[in-house]
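Trainee: need a structure here:
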Amino acid sequence: MTAKTQTSLRLDADKLTEAKVILQHLGLNFSEAVNIFTSLIVAKQGLPFDVALPNDKTLVTMRDVRMRKNLEPVALIDLQNELRRQ
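Mentor: Numbers count the residues shown, from 1 in each chain. Next up, the predicted model:
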């Protein structure tokens, strides 16, 4: 096992609390999640997800969602079935 080091972070208190609740449901604590994130950064040699500004279509969609426009109801089972087909 490699040596561990302690670090400190400045985080928004409310978001940290919410993240800890979510992680608890996933069976992880915050330190474990940070270690996973750090390992993924090393493995990917960068962030483990795309970081980009949204394009025009995405901006319009985001605006519509905020204004509750152009929304269609969808059942959870339909989303699950769609994921299974992919």
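Trainee: for the chain, where's the lowest mean pLDDT among helices and strands?
Mentor: helix 76-85 (a mean of 93; mean pLDDT, DSSP states H and E).
Trainee: starting at the chain centroid, how far to it?
Mentor: Taking Cα atoms, centre = their mean, to the nearest Å, one finds helix 76-85 lying 20 Å from the centre of the chain it belongs to.
Trainee: Same check on stretch 17-27?
Mentor: Between the centre of stretch 17-27 and the centre of its host chain there is 12 Å, according to Cα atoms, centre = their mean.
Trainee: Tell me, how many residues neighbour Leu59?
Mentor: Counted with other Cβ atoms under 10 Å, the neighbours of Leu59 add up to 11. Every residue, glycine included, has its C-beta placed from N, CA and C.
Trainee: so which helix or strand takes in it?
Mentor: Here Leu59, judged by DSSP states H and E, is contained in helix 56-66.
Trainee: One more: Asn70?
Mentor: For Asn70, there is no enclosing helix or strand under DSSP H and E.
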